[in-house]
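Peer 1: Using only what follows, build the 3D model:
(one chain, ligands or ions: 3)
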Amino acid sequence: MAPNLDSFFQTVDSNADAFIERLRQAVAIPSISADEARRQDVVKMGMFLKAQLETLGAKMEARPLGKQPGKEHLELPPAVIGRYPAKKQEGKRTILVYGHYDVQPAEKSDGWNTEPFELSVDDKGRMYGRGSTDDKGPVLGWVNVIESHQKAGVDFPVNLLMCFEGMEEYGSEGLDDFIVAECKPGKFFEDADAVCISDNYWLGTEKPCLTYGLRGCSYYSIEISGPGQDLHSGVFGGTAQEPMTDLTRVMGSLVDTNGKIQIPGLYELVAPLTKEEQSLYSNIAFTMDNLYESLGSKTGIFDKKEETLMGRWRYPSLSLHGIEGAFSQPGAKTVIPAKVTGKFSIRTVPDMEPHEVDSLVFSYVKDQFAKLSSKNKLNVFLQHSGKWWVASPNHWNFTAAAKAVEKVWKIKPDLTREGGSIPVTLTFEQATGKNVLLLPMGSSTDAAHSINEKLDRKNYIEGIKLLGAYLHYVAEEPTS
Ligand SMILES: NCC(=O)N[C@@H](Cc1c[nH]cn1)C(=O)O
Ligand SMILES: [Zn+2]
Ligand SMILES: [Zn+2]
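Peer 2: Ligands and ions are numbered 1, 2, ... in the order given. This next block holds a predicted model:
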């Protein structure tokens, strides 16, 4: 029997302003995991979340994850874990949900139209702010679901286990071992029947999706050093070998303008495209205009949607991210940087094994540098890596989510994969041995990681209904 969700939905609608206020408070905490100076804010955000859930009666714990690898002076932010209702309801399914309370860096001077850490809602209901869609909106979605059930007087349909981390945008450091340990018998997550993660996006702006695949991410640094300190280019230019010159040439050799990775052997690690898989792409509701809208330009590599989707989901990509130590301020400083560190990452796909990718990368970078015959020094290393994940959508967890989408959005969802990475997804699948579903709240134009990140009010409020409806359907769905 379909669950009666009317009073829950009405309560979400009548509390919408309070839920937006909750998001405003969360966005105001600059919980940037990549910035050491913001570590206290990351912790503050974790404590904010814990307090909100405790007020609603959830049993919460902030679990320490130890020191940050490579930065032993820094404590990792805690895993905020919880259970709602506090006491297990026997005979009901247990659903484990995951999200992250850290965010990507953001400065107004990057080009934001509004202050990144002040939620700013425009007349079209677009709620701008760092973390609004990635991932504070979806994480607070679960909090709002609990509150709406209480206010509506509706019985909570499942046992909810929660796992919220503060280092996702920095490779989920410390979390894998914690999850594995907590899924063991007698531990916090032992009785999870299925897992749900809301931390990705629709392909366009109109049609919701359920996601069953992610690319992995292997993130590298190339460090090149030479002079003992930064130099005056008038005094030393033409007489010193310059680290930045070497670095840009090595970085420029990694990938071409059309995204083709230049590292020999890399594409040989990729699973071949089958006829069956090839036929899936044309049925996905996605257009080149969806791409151009979210890209903010028409500078896509491919002209066809199928190639674009495959380029995003099932082939690897290599992106250059930045150079630490390089001059990047306005003006015309005539400096020769003494040491520069180039950052790039490779999004990996089935069947690429991260350690095989590493060894191809390291030997290619070393070869390219050797070709320069430079007297400078090279050090190339992996910062972090997370493996790709592809699951089966033929499972009651996905069936329940599809019913919830139809109930809330009045349309059947597309089944999609995603170009981004959520490193712990695979860890949850392996540690629990249960199905993992990605259930996105935001849309393709949300600009996660970019300037002017936003979440549409409609996606937030209907998204809260979707998460709640999913819990009701998943409670009733027969085992598949
Ligand atoms: N919303 C998920 C997300 O943005 N994930 C990050 C994960 C990551 C990997 N390395 C650094 N961060 C992503 O970039 O896909
Ligand atoms: Zn995220
Ligand atoms: Zn992110």
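Peer 1: could you check the distance from Phe164 over to Ile81?
Peer 2: Using CB to CB, to the nearest Å, we find Phe164 at a distance of 7 Å from Ile81. For glycine as for every other residue, the C-beta is placed from the backbone atoms N, C-alpha and C.
Peer 1: what does the chain put close to ligand 1?
Peer 2: Along the chain, the residues adjacent to ligand 1 under the rule CB under 6 Å from any ligand atom are 134-135, 168-169, 171, 199-200, 217, 219, 386, 420-422, 448.
Peer 1: Now go through these and say which are in strands.
Peer 2: With DSSP state E as the criterion, strands contain 217, 219, 386 from among these.
Peer 1: For this structure, which helix extends over the most residues?
Peer 2: For the chain, the longest helix by residue count, based on DSSP state H, is helix 457-476.
Peer 1: Could you list every helix and strand in contact with that one?
Peer 2: On a contact count with 3 or more CB pairs under 8 Å, 6 or more residues apart in numbering; DSSP states H and E, helix 457-476 meets helix 6-14, helix 16-27, strand 126-128, helix 137-152, strand 194-197, helix 396-409.
Peer 1: Would you map out the domains in the protein?
Peer 2: The chain breaks down into these domains under automatic domain parsing: 6-214+389-476, 216-270+315-386.
Peer 1: Show me the one of the ones you listed that comes nearest Gly296.
Peer 2: Nearest to Gly296, of all these, is domain 6-214+389-476, at 8.4 Å by CB to CB.
Peer 1: wait, does that closest one contact ligand 2?
Peer 2: Yes: shown here: domain 6-214+389-476 in contact with ligand 2 (CB under 5 Å from the ion) through 134-135, 199.
Peer 1: about what we covered before: so what's the gap between the longest helix of the chain and the chain middle?
Peer 2: Its chain's average C-alpha position is 20 Å from that of helix 457-476, according to CA atoms, centre = their mean, to the nearest Å.
Peer 1: Also stretch 375-383?
Peer 2: On CA atoms, centre = their mean, the centre of stretch 375-383 falls 28 Å from the chain's centre.
Peer 1: Sort out which residues of it are buried, please.
Peer 2: Neighbour-count burial for stretch 375-383, with 16 or more other CB atoms under 10 Å as criterion, is recorded at 376, 378, 380.
Peer 1: For the stretch 151-300 of the chain, which segments are assigned as strands?
Peer 2: Along the stretch 151-300 of the chain, counting by DSSP state E, counting those that start in this stretch, strands occupy 159-165, 194-197, 209-214, 216-225, 231-232.
Peer 1: Redo those as JSON lines? Include mean pLDDT and mean neighbour count.
Peer 2: Supplementary listing: the strands of the stretch 151-300 of the chain in JSON lines, determined by pLDDT from 0 to 100; neighbours: other CB atoms under 10 Å:
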{"stretch": "strand 159-165", "mean pLDDT": "98", "mean neighbour count": "25"}
{"stretch": "strand 194-197", "mean pLDDT": "98", "mean neighbour count": "24"}
{"stretch": "strand 209-214", "mean pLDDT": "98", "mean neighbour count": "24"}
{"stretch": "strand 216-225", "mean pLDDT": "98", "mean neighbour count": "22"}
{"stretch": "strand 231-232", "mean pLDDT": "98", "mean neighbour count": "14"}
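Peer 1: Which among those is found nearest to Ser282?
Peer 2: With CB to CB as the measure, strand 209-214 is the member of these nearest Ser282 (15.8 Å).
Peer 1: got the angle between that closest one and helix 396-409?
Peer 2: Per axes from the mean of the first three to the mean of the last three CA atoms, to 10 degrees, the angle that strand 209-214 makes with helix 396-409 is 150 degrees.
Peer 1: neighbouring contacts of strand 209-214?
Peer 2: Under the contact criterion CB atoms under 8 Å, 6 or more residues apart in numbering, strand 209-214 has outside partners 200, 202-203, 313, 388-393, 398, 401-402, 405, 413-418, 420-422, 425, 437-440.
Peer 1: Please check those residues and keep the buried ones.
Peer 2: For the contacts of strand 209-214, buried by 16+ other CB under 10 Å: 200, 202-203, 313, 388-391, 393, 398, 401-402, 405, 413-418, 420-422, 425, 437-440.
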